[in-house]
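**Q** Attaching a predicted model along with its sequence, questions to come.
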Amino acid sequence: MHSIGIIPARYASTRLPGKPLVDLAGKSMIQRVVEQARLAALDRVVVATDDQRILDHVLGFGGEAVLTRPDHPSGTDRVWEAYQQLGQPADCVVNIQGDEPFIQPAQINALIDLFADADTQIATLVKQVISQEELFSPHLPKVVLGAQREALYFSRHPIPYLRQYPSMSWLDHHRFLRHIGLYAYRPTVLQQLTRLAPDALELAESLEQLRWLAHGFRIRTAETDLATHGIDTPDDVQRALRQLQNEF
């Protein structure tokens with residue numbers, strides 16, 4: 001099984017400009033992501049960026065990076081361009097979020113393992129919802145699965161709707177799952193995904209994966225009990241620093 005991890009990293013960010021280069025206790029965020037990804041069962045880890053500063057920084061700490069177009073509408077498109085530049089075939093390509101410095105190698109490996117089945121097209125992670133805050137947060141998409149643990153639908157609203165119970169007691173009556181935004185794809189499927197037009201469901205929920213489902217692609221899932229902490233704001237940076245301090 002030959003797998004490549006690609007980390008899309010844009011410089012521009014509305015809430016945190018230059019996010020990949022933010023210092024987290026002596027290392028940049030992108031360096032921490034790269035170091036974590038290198039611990040997984042990946043044959044290669046590459047940063048795909050639109051900015052020369054990020055490219056130079058990654059090369060400076062011994063990482064691998066490629067420069068991609070600045071106008072990609074999504075990280076998926078940036079990952080595909082980077083994969084084409086590499087010129088190296090793979091059984092699966094893992095899209096690793098560049099703003100999750102605490103990503104765990106086991107989470108990446110869980111997705112890679114799903115590609116031992118030749119029928120796997122796309123893979124992603126899910127995690128059990130354990131709090132009311134998680135369940136009702138629109139920033140943490142929820143997902144429902146079919147019998148084969150393939151995603152049926154993703155939503156920013158809690159799904160399914162338990163009509164017979166008050167909403168504040170839903171966690172007592174159903175095992176809800178949230179989506180963790182780590183993806184892996186067959187390269188041939190990844191190419192097809194970049195050619196799809198936005199779908200009405202995707203536009204309604206602002207969730208790219210709904211475009212894939214609407215066009216008939218299958219998304220298999222692996223479950224993790226490991227937490228992830230994306231960094232989008234200065235407050236998130238402070239929380240990450242506190243977590244790093246607790247680890248040392």
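**A** Thanks, I have it.
**Q** first vs last residue of stretch 12-28, how far apart are they?
**A** 16 Å (C-alpha to C-alpha, to the nearest Å).
**Q** list the buried ones in it?
**A** Neighbour-count burial for stretch 12-28, counted by 16 or more other C-beta atoms under 10 Å, picks out Leu16, Lys19, Pro20, Leu21, Val22, Leu24, Ser28. Just so you know, the C-beta spots here come from the backbone N, C-alpha and C atoms, and that holds for glycine as well.
**Q** Of the residues you listed, which is the nearest to Ala9?
**A** Closest approach between those and Ala9, by C-beta to C-beta: Pro20, at 4.3 Å.
**Q** My guess is that closest one contacts Arg32. True?
**A** No: checked against C-beta atoms under 8 Å, the pair Pro20 and Arg32 is beyond contact range at 10.2 Å.
**Q** Looking at the buried residues of stretch 12-28, which are in strands?
**A** Counted as lying in strands by DSSP state E, out of these, are Leu24, Ser28.
**Q** neighbouring strands for the lengthiest strand in the chain, and are they parallel or not?
**A** In the chain, with assignment by DSSP E, the single longest strand is strand 177-185. Strand 177-185 has its sheet partners listed here by DSSP bridges as strand 92-95 (antiparallel), strand 122-128 (antiparallel), strand 142-145 (antiparallel).
**Q** So which other helices or strands are in contact with the lowest-mean-pLDDT helix or strand in the chain?
**A** Within the chain, no helix or strand scores below helix 234-247, which has a mean of 76 by mean pLDDT, DSSP states H and E. Judged by 3 or more C-beta pairs under 8 Å, 6 or more residues apart in numbering; DSSP states H and E, the packing partners of helix 234-247 are strand 23-24.
**Q** residue furthest from the geometric center of this protein?
**A** What lies farthest from the middle of the chain is Gln164; by C-alpha atoms, centre = their mean that is 33.8 Å.
**Q** any idea how far that residue lies from Gln97?
**A** 37 Å (C-beta to C-beta, to the nearest Å).
**Q** next one: His215
**A** 23 Å.
**Q** And Asp43, by the same measure?
**A** With C-beta to C-beta as the criterion, Asp43 and Gln97 are 20 Å apart.
**Q** Between those two, tell me which one has more neighbours.
**A** Gln97 (19 against 12; other C-beta atoms under 10 Å).
**Q** list the contacts for the more buried one?
**A** Contacts for Gln97 were tallied using C-beta atoms under 8 Å, 6 or more residues apart in numbering; they are Ile7, Pro8, Val33, Gly75, Ile103, Gly181, Leu182, Gly230.
**Q** Then Ala65?
**A** Counted by C-beta under 8 Å, 6+ apart, Ala65 has contacts Val46, Val47, Ala48, Thr49, Ile54, Leu55, Val58, Leu59.
**Q** coming back round to it: buried residues, the longest strand of the chain. List them.
**A** Those buried within strand 177-185 under the rule 16+ other C-beta under 10 Å are Leu177, Arg178, His179, Ile180, Gly181, Leu182, Tyr183, Ala184, Tyr185.
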